[in-house]
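Q: next one to model:
(chains A and B)
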There are 2 protein chains.
Amino acid sequence: MKNVKYLKCVKCGNTYDATADATTCECGGILDVIYDYEYIKTIFNKDVLKNREDQTMWRYRELLPIEENTTPAGLRVGNSPIYDVDKVAKKLGIKKLYIKDDGINPTSSLKDRASAMAVTKAIEAGYSTIACSSTGNAASSLAGNAAAAGLNTYIFVPERAPKGKIAQLMMFGANLTAVKGTYEETFELSKAAIDKYGWYNRNAAINPYLSEGKKTVSLEIIEQLDFNAPDYVAISVGDGCTIAGVYKGLYDMYSVGLIDKIPRLISVQASGCCPINVAAKNKTNNWTPQEENTYADSIAVGVPRNPDKAINAILDSNGITVNVTDDEIRAAQRFLAKECGVFGEPAGVTATAGLIKLCEEGLIENDATVVSVVTGNGLKDIESAIANCPSPVYSKNDLSEFENEFKKLGITVQ
Amino acid sequence: MKNVKYLKCVKCGNTYDATADATTCECGGILDVIYDYEYIKTIFNKDVLKNREDQTMWRYRELLPIEENTTPAGLRVGNSPIYDVDKVAKKLGIKKLYIKDDGINPTSSLKDRASAMAVTKAIEAGYSTIACSSTGNAASSLAGNAAAAGLNTYIFVPERAPKGKIAQLMMFGANLTAVKGTYEETFELSKAAIDKYGWYNRNAAINPYLSEGKKTVSLEIIEQLDFNAPDYVAISVGDGCTIAGVYKGLYDMYSVGLIDKIPRLISVQASGCCPINVAAKNKTNNWTPQEENTYADSIAVGVPRNPDKAINAILDSNGITVNVTDDEIRAAQRFLAKECGVFGEPAGVTATAGLIKLCEEGLIENDATVVSVVTGNGLKDIESAIANCPSPVYSKNDLSEFENEFKKLGITVQ
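A: Sure, this is the predicted structure:
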């Protein structure tokens, strides 16, 4: 890979060759992919992008850690829509708001970006089986992308994962284990099995390439905004890998000179489970484990596995942390769907919940441009969506009954 | 609209001006949009498409019935992936198979194509409220697209609609009525209310523009295959509107000279509810109502509202009809997910179920190229997906227990 210099530990600074099946540093720290931006600038610019036919996440391949002759594997990932929602920006009292709907990916979450990278690197490295633990979305995206690529999967989810995610996994033919325990125990069982059987490791906090897949969401945002960096990018945070990827993409675009500043990240966690935000707010990498008290299952991570990259991302971008209650998440889910036509899962709308809260508290400038990322589709967790909705009106095929039923709700049909 | 000549009744041949809120013919027949292909050929060709930045369904606007100065409204619809699945083609004994995954649309079904058209035409016509009846997907896509466009909606679904679809509708802020009765009674109540209140009518069998939205799936297929017409396009059939749209898009592409033949349609219905296929097989437009005996709710339509366009589409393309059992649909759902990484809802995978059946019966030539359209995302109906899957393995964080649980299933972890 001419565009990659080496892998570097975010804890101790040790460097390693960028082999396709690299994992963590000897010290336990996670590795970061270090690019040769001077070289990349000679082969990558706005004109190159403009003339590129590939509309997937791989259109940014000069900024991605794959070999020049590698054919990307998996499903068609990326190019998710970004909606300019002026009406909502006005309600929130900011200049511009864009909603990036990453639930529109093949398995309906942002995690497809990491999983397409994982199967591509696994094939590069010559593996035929790939494994991960996940609160759900990483798992279903791995299962789907691996099925498309013809790889076997062993997947570990906590027993509490919503049925929709489990059904997706089983459909895709994964060897699925529902672990009776916390997310931490789920992660540990996956690690033990991977160590024993030598499968390719798609755990995002182990594999240095996965946040490089996730970062394509930021590369897209910048291109979709015609290389005008927004002031803020809001993102929900669980394990820490996604916000790390979001930052890396912005850093890349800045480093190759395609934007003139790095947006400030808005890191949103659930009040009931916010170890990364607590540490970042105290400007320290020393975080403390927490219980997992939120219904937003995809970000219910009390022992984050990628705290270093996440906290660095928040601090390096001069970011803002904000925590939201489950009720604030529920309100944001209804708000986004009704105002924008974007139906996100609880963790998927948490970024917007945090943004709404910051705006209400007057902490975002009136002239700010903000991008809020929706990370997963609301259909992923129908049970909590149903609990968050009023019941429909029930009526026979009878116009009077229909009108009366709405009248009971205080609605005059007109 | 310079590209549209007029609307023409498919039953009696009467013609009408193409007003934005046109509905059916005086005789009750549905209207077809008649284009001026000679004019369109002067402004639309491969080069125009190649240089077009718009990647949505509106990139084909020369072939769409909207005014030249209209800004399309609603969500970002279209540009769904088409997968070249050689491995599966080989298993089925055909030359080439493409899976077009239209579940990757903003509200996760092909119906978004019609609903984006509906809200665009409603705004053209000056309406602020839009209504429809639907087995589910048309409704949720209308609710989502209308929310994005700022229109009010009244929506009527049969009481049996899956909870996921109902939750989507309520989230999007629709005024939703669950009708205690069949799809036919649902349709009739919606018609009575629309007549009384004068809302814009998004019933696909009433509104002549909706199949024009749906046809963009075919326009995309043809462009994605680089203007090489496949031999067959397989599609699931309920109300009849979707197959009518699929045919219209192919007919358009043929009429403007961008393909040299019209593919044969494979019309797939559920054995328990197949009135259109029965009529088409007998080469007649006289169809007989049937009961709605299939779990594939989106195509459980015993009294189809668009039989004429659908039957004409099958006959005019020298099409094939095939009916499949619910078990064959379930098998196709698992097969598509496992082999291709595409997870479709029951009605969404019915086309593929029919194709598999035809291939097993030796009715498709070995050298055939086939496109099979998946019309909706499997997450739309999680309950039936769960019922169609084995249970995962349950294990504590313990490697021996994990291995033993798989051993019980006859799987040696390796």
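
Q: what sits against residue A:172?
A: Residue A:172 sits next to A:140, A:143-144, A:146-147, A:153, B:337-338, B:341, B:343 when contact means Cβ atoms under 8 Å, 6 or more residues apart in numbering or on different chains. Any C-beta I mention is one placed from the backbone N, CA and C, and that applies to glycine too.

Q: helix, strand or coil for residue A:277?
A: Here residue A:277 is recorded as helix under DSSP: H, G, I helix; E, B strand; the rest coil.

Q: does residue A:24 touch residue A:32 like I think?
A: No: counting by Cβ atoms under 8 Å, residue A:24 does not reach residue A:32; the two are 11.3 Å apart.

Q: now the common contact residues for these two.
A: Residues touching both residue A:24 and residue A:32 (Cβ under 8 Å, 6+ apart): residue A:9.

Q: save the contacts of residue A:172 as TSV, and put in pLDDT, neighbour count and secondary structure too.
A: Converted to TSV, those look like this (pLDDT from 0 to 100; neighbours: other Cβ atoms under 10 Å in any protein chain shown; DSSP: H, G, I helix; E, B strand; the rest coil):
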residue	pLDDT	neighbour count	secondary structure
A:140	91	34	helix
A:143	96	32	helix
A:144	97	34	helix
A:146	98	30	helix
A:147	97	27	helix
A:153	97	26	strand
B:337	97	28	helix
B:338	97	17	helix
B:341	97	29	coil
B:343	97	31	coil
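
Q: and the furthest pair within the residues you listed?
A: Largest separation among the contacts of residue A:172 by Cβ to Cβ: A:153 and B:343, giving 14.5 Å.

Q: what packs against the helix or strand of chain A with the lowest mean pLDDT?
A: Lowest on mean pLDDT, DSSP states H and E among the helices and strands of chain A sits helix A:163-171, with a mean of 84. Contacts defined by 3 or more Cβ pairs under 8 Å, 6 or more residues apart in numbering or on different chains; DSSP states H and E place helix A:163-171 against helix A:137-149, strand A:152-158, strand A:175-179, helix B:326-340, helix B:382-387.

Q: residue B:274: which of the ones you listed is closest?
A: Nearest to residue B:274 among these is helix B:326-340; the distance by Cβ to Cβ comes to 12.5 Å.

Q: name the residues of the closest one that are buried.
A: B:326, B:328-340 (16 or more other Cβ atoms under 10 Å in any protein chain shown).

Q: interface residues of the stretch 301-414 of chain A facing chain B?
A: Within the stretch 301-414 of chain A, the positions adjacent to chain B are A:333-334, A:337-343, A:377-380, A:382, A:385-386, A:388-399, A:402, A:405-406, A:411, A:413-414 by Cβ under 8 Å from any Cβ of the partner chain.

Q: what subset of those is buried?
A: Among those, the ones that count as buried (16+ other Cβ under 10 Å) are A:333-334, A:337-343, A:377-380, A:382, A:385, A:388-389, A:392-393, A:395, A:397-399, A:402, A:405-406, A:413.

Q: nearest residue to residue A:265 in space, please, no chain neighbours.
A: Excluding its sequence neighbours, the residue lying closest to residue A:265 (Cβ to Cβ, 6 or more residues apart in numbering or on different chains) is residue A:319, at 3.8 Å.

Q: now do residue A:189
A: Among residues not flanking residue A:189 along the chain, residue B:397 sits closest, at 4.5 Å (Cβ to Cβ, 6+ apart).

Q: check what pLDDT that neighbour gets.
A: Looking at residue B:397, its pLDDT reads 96.

Q: got it, and residue A:160?
A: pLDDT for residue A:160: 83.

Q: what's near enough to touch the nearest residue to it once chain neighbours are set aside?
A: Closest residue in space to residue A:160, ignoring its immediate chain neighbours: residue A:297 at 6.5 Å, by Cβ to Cβ, 6+ apart. By Cβ under 8 Å, 6+ apart, residue A:297 lies in contact with A:135-136, A:160-162, A:346-347, A:381.

Q: let's go with 10 Å and repeat that
A: A:135-137, A:157-158, A:160-162, A:165, A:183, A:238, A:345-347, A:380-381, A:384 (Cβ atoms under 10 Å, 6 or more residues apart in numbering or on different chains).

Q: where's residue A:269, which helix or strand?
A: Secondary structure assignment for residue A:269, by DSSP states H and E: strand A:264-270.

Q: quick one, that strand and helix A:326-340 angle?
A: Here strand A:264-270 runs at an angle of 120 degrees relative to helix A:326-340 (axes from the mean of the first three to the mean of the last three Cα atoms, to 10 degrees).

Q: which secondary structure elements does strand A:264-270 contact?
A: Contact here means 3 or more Cβ pairs under 10 Å, 6 or more residues apart in numbering or on different chains; DSSP states H and E; on that basis strand A:264-270 packs against strand A:232-236, helix A:241-255, helix A:275-281, helix A:307-316, strand A:320-324, helix A:326-340, helix A:346-360, strand A:369-374.

Q: change it to 8 Å
A: If contacts are counted by 3+ Cβ pairs under 8 Å, 6+ apart, strand A:264-270 sits against strand A:232-236, helix A:241-255, helix A:275-281, helix A:307-316, strand A:320-324, helix A:346-360.

Q: adding mean pLDDT, write the ones you listed out as a markdown table.
A: Output for the helices and strands packed on strand A:264-270, formatted as a markdown table (pLDDT from 0 to 100):
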| stretch | mean pLDDT |
| --- | --- |
| strand A:232-236 | 98 |
| helix A:241-255 | 97 |
| helix A:275-281 | 96 |
| helix A:307-316 | 96 |
| strand A:320-324 | 98 |
| helix A:346-360 | 97 |
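
Q: any chance of those in JSON lines, plus distance to residue B:254 and mean neighbour count?
A: Listed next are these as JSON lines, based on distance: least, Cβ to Cβ, whole Å; neighbours: other Cβ atoms under 10 Å in any protein chain shown:
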{"stretch": "strand A:232-236", "distance to residue B:254": "46", "mean neighbour count": "29"}
{"stretch": "helix A:241-255", "distance to residue B:254": "43", "mean neighbour count": "26"}
{"stretch": "helix A:275-281", "distance to residue B:254": "57", "mean neighbour count": "23"}
{"stretch": "helix A:307-316", "distance to residue B:254": "53", "mean neighbour count": "23"}
{"stretch": "strand A:320-324", "distance to residue B:254": "54", "mean neighbour count": "23"}
{"stretch": "helix A:346-360", "distance to residue B:254": "42", "mean neighbour count": "27"}
